[in-house]
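Peer 1: Predicted structure and sequence below. I'll ask about it afterward.
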Amino acid sequence: MASVLGSLYTQYGTGNVVFISVAGPWNGATASDAASFIAPGGYGYGYGGTSWIYVYDSSGTIFSEYGVNSTPTFYIIAKDGTVSGSALIGEQSVDTLASAIAAAGGT
């Protein structure tokens, strides 16, 4: 998904869209594991680097609240805070995600 997310970030990252990745304690992952993932040279760095927002949910609360039980899972949240449509689960194409972002008012 790195190339898909990188493309979307290039297209929307300077507009009115904010990209946030939430990492959690899946399979024993720690905050340190998440930091290694996004550090320069890490897998996650390629699609956002330091300007992409990453958070670590140590308790798994966000995953529980949103019913996430596999990754990747994508949610598009409109500016007013409403969750647009349903979750997009699994690998998605650039077109699918771009359509969802545009439908939520992303430019």
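Peer 2: Yes, it's here. Predicted model only: the values in this text are computed from it and were never measured.

Peer 1: Now name the helix or strand holding the residue sitting nearest the centre point of the chain.
Peer 2: For the chain, the residue sitting closest to the mean C-alpha position, by C-alpha atoms, centre = their mean, is Ser21 at 3.8 Å. Ser21 belongs to strand 20-23 when elements are defined using DSSP states H and E.

Peer 1: And that strand, what's buried?
Peer 2: Of the residues in strand 20-23, 21-23 count as buried by neighbour count, 16 or more other C-beta atoms under 10 Å. (C-beta placed from N, C-alpha, C; glycine too.)

Peer 1: For Gln92, give me its contacts.
Peer 2: Gln92 sits next to 1, 4, 72, 74 when contact means C-beta atoms under 8 Å, 6 or more residues apart in numbering.

Peer 1: For stretch 77-97, measure first residue to last.
Peer 2: 12 Å (C-alpha to C-alpha, to the nearest Å).

Peer 1: For it, the averaged confidence score.
Peer 2: For stretch 77-97, mean pLDDT is 91.

Peer 1: How is the residue lying closest to Ala100 once chain neighbours are set aside assigned, secondary-structure-wise?
Peer 2: Sequence neighbours aside, Ile76 is the residue nearest to Ala100 in space, at 4.6 Å (criterion: C-beta to C-beta, 6 or more residues apart in numbering). Following DSSP: H, G, I helix; E, B strand; the rest coil, the label given to Ile76 is strand.
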